[in-house]
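# Pasting a predicted model and its sequence here:
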Amino acid sequence: MKQAWDSIWINANLATLIADRPGYGLIESGALGVHEDRIIWVGPTADLPEPARQSSVPRRDCAGRLVTPGLVDCHTHLVYAGNRAQEFEMRLKGASYEQIARSGGGINSTVRATRQATADELYLESLPRVEQLMRNGVTTVEIKSGYGLDSETELKMLRVAQRLRQELALNVKATFLGAHALPPEYEGRADEYIDLVCHEMLPRVREAGLADAVDAFCENIAFTPQQVERVFDAASDLGFDIKCHAEQLSNLQGAVLAARYGAISVDHLEYLAEADVPLLARAGTAAVLLPGAFYFLRESKRPPVDALRRHQVPMAVATDSNPGSSPVLSLTLMLNMACTLFALTAEEALAGVTREAAGALGLGEQLGTLEPGKRADLVEWDVRDPAELSYFIGDNPCRTVMYGGRIR
Ligand code: NIG
Ligand code: FE
């Protein structure tokens with residue numbers, strides 16, 4: 001059968017990130033063929049097959065520049081109203097993130113602003129943040145709800161995520177995070193709030209088809225493992241993927257709990273015990289590392305990266321973009337921070353925002369590497385060596401982005 005080629009990229013330094021190839025899976029002077037929204041061929045430019053050599057096939061000469069899979073930001077809270085610059089100032093004067101949260105600020109101050117915003121306002125506030133990530137090479141983004149904490153506002157947030165998916169070129173995965181914080185009207189009644197999450201919010205989110213995964217914040221300032229377990233029970237019954245904010249500020253063994261539910265990822269993990277790492281490996285659960293939150297909260301305890309590496313737990317890296325703990329709008333900056341703060345290698349960091357991030361969203365079969373059959377999400381960078389992406393701080397060498405076979 002004759003394969004149709006819609007476009008080809010040639011003379012690229014291709015970082016394929018294919019799992020069984022060493023390091024970045026580099027193909028120097030590589031070429032890549034695209035048909036519709038898929039990659040159909042990857043190899044050395046000199047080996048391009050005959051149909052691709054026809055001059056009628058549009059071609060981009062990358063002149064030795066680096067080409068990677070489109071970046072995947074697998075953990076964000078990008079849809080929210082207002083910001084928390086004032087809390088940042090309070091923290092600079094000595095207040096802690098926990099103190100601010102316990103005194104009615106923190107997540108709940110964003111909840112107030114997000115409840116007040118109309119869906120249009122919320123969309124218009126979120127759009128520039130998403131576009132900023134896109135300009136930096138992100139082709140897939142995960143967006144969590146969790147600043148509504150009532151049924152209507154949670155659904156409103158998820159509809160804004162849906163609208164971003166419909167109106168932008170990028171791939172948006174939505175996650176329901178109703179169990180993010182206790183809303184003020186449920187003060188002292190956390191179990192009743194969890195009832196609302198399980199019996200009303202989750203079924204409505206499922207019915208409306210507004211999210212694929214369910215996340216929960218297992219922490220002293222949020223929900224207990226017992227409460228999170230109830231959310232996971234209800235979510236599993238409805239067929240959602242499971243994710244968990246775990247071990248960010250203390251060790252409640254939320255990651256172990258989530259792994260028991262076959263979670264696709266557990267996220268943060270600064271306080272994860274080394275002894276618990278094999279459980280993640282066995283469950284096939286990815287560890288999502290969020291160096292932006294670690295940095296912005298000026299944490300000092302690092303996630304157990306050596307143990308994760310030793311036990312071959314897939315390590316993803318994400319922005320955790322949110323107004324309170326990580327107002328980060330650059331995933332390439334997170335490459336640098338993952339290396340400098342968490343001691344990932346540059347290879348691990350790049351795999352962490354491509355292949356492993358796709359896995360952390362349950363999309364490992366569809367994207368995250370440059371190989372035939374995967375979605376044609378590609379970034380051409382104004383650098384040659386993949387290590388440069390982790391090395392430069394505050395640069396944005398993103399040159400051309402292809403989203404599912406189309407250049408925007
Ligand atoms: O991932 N850890 C919980 N949630 C967010 C913080 C949200 C906020 O402070 O608004 C996080 O860090
Ligand atoms: Fe988060």
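Good, I have the coordinates. Ligands and ions are numbered 1, 2, ... in the order given.
# CA only for contacts and neighbour counts going forward, please
Noted.
# Please name the residues that touch the closest residue to ligand 1 within the chain.
When distances are taken as CA to the nearest ligand atom, the chain approaches ligand 1 most closely through Gly324, which lies 3.5 Å from it. For Gly324, the contacting residues are 83-84, 87-88, 106-107, taking CA atoms under 8 Å, 6 or more residues apart in numbering as the criterion.
# Run a quick neighbour tally on Ala46.
Other residues near Ala46 come to 11 when the count uses other CA atoms under 10 Å.
# Quick check: it is in a helix.
Yes - when classified by DSSP: H, G, I helix; E, B strand; the rest coil, Ala46 is found to be part of a helix.
# buried set for the lowest-mean-pLDDT helix or strand in the chain?
Across the helices and strands of the chain, mean pLDDT, DSSP states H and E gives its lowest value to helix 50-53, namely a mean of 85. Neighbour-count burial for helix 50-53 flags Ala52 (criterion: 16 or more other CA atoms under 10 Å).
# Parallel or antiparallel, which strands does the next helix or strand after that helix pair with?
As assigned by DSSP states H and E, the chain's next helix or strand after helix 50-53 is strand 59-61. Based on DSSP bridges, the pairing partners of strand 59-61 within the sheet are strand 7-15 (parallel).
# And the contacts of the strand it pairs with?
Contacts of strand 7-15 with the rest of the structure, by CA under 8 Å, 6+ apart, involve 24-35, 45, 52, 57-69, 370, 384-386.
# do the same with stretch 163-176
Identification of contacts with stretch 163-176 by CA under 8 Å, 6+ apart yields 123, 127, 134, 138-146, 154, 158, 161-162, 205, 210-215, 361, 403, 408.
# what pLDDT, on average, does it get?
Over the span of stretch 163-176, the pLDDT mean works out to 98.
# Between the two ends of that stretch, how far is it?
Terminal residues of stretch 163-176 lie 16 Å apart, using CA to CA, to the nearest Å.
# so does that stretch get close to ligand 1?
No - in terms of CA under 6 Å from any ligand atom, no part of stretch 163-176 sits within range of ligand 1; the closest distance is 12.6 Å.
# centre of the chain versus that stretch, how much separation?
For stretch 163-176, the distance from its own C-alpha centre to the chain's C-alpha centre is 13 Å (CA atoms, centre = their mean, to the nearest Å).
# same check, this time on stretch 368-383
Between the mean C-alpha position of stretch 368-383 and that of its chain there is a distance of 17 Å (CA atoms, centre = their mean).
# do the same with stretch 298-312
On CA atoms, centre = their mean, the centre of stretch 298-312 falls 18 Å from that of its chain.
# Dump the C-alpha coordinates for that stretch into PDB.
Written as PDB, here are the backbone C-alpha positions of stretch 298-312 (Å, rounded to 0.1, in the frame of the first residue of the first chain):
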ATOM      1  CA  ARG A 298      11.100  27.400  49.700                       C
ATOM      2  CA  GLU A 299      10.900  23.800  50.800                       C
ATOM      3  CA  SER A 300      14.000  21.900  51.800                       C
ATOM      4  CA  LYS A 301      13.000  18.300  51.800                       C
ATOM      5  CA  ARG A 302      13.500  16.700  48.400                       C
ATOM      6  CA  PRO A 303      11.600  13.800  46.900                       C
ATOM      7  CA  PRO A 304      13.500  10.500  47.100                       C
ATOM      8  CA  VAL A 305      14.700  10.700  43.500                       C
ATOM      9  CA  ASP A 306      17.500   8.100  44.000                       C
ATOM     10  CA  ALA A 307      15.000   5.500  45.200                       C
ATOM     11  CA  LEU A 308      12.500   6.300  42.500                       C
ATOM     12  CA  ARG A 309      15.300   5.900  39.900                       C
ATOM     13  CA  ARG A 310      16.600   2.700  41.500                       C
ATOM     14  CA  HIS A 311      13.100   1.100  41.400                       C
ATOM     15  CA  GLN A 312      12.400   2.400  37.900                       C
END
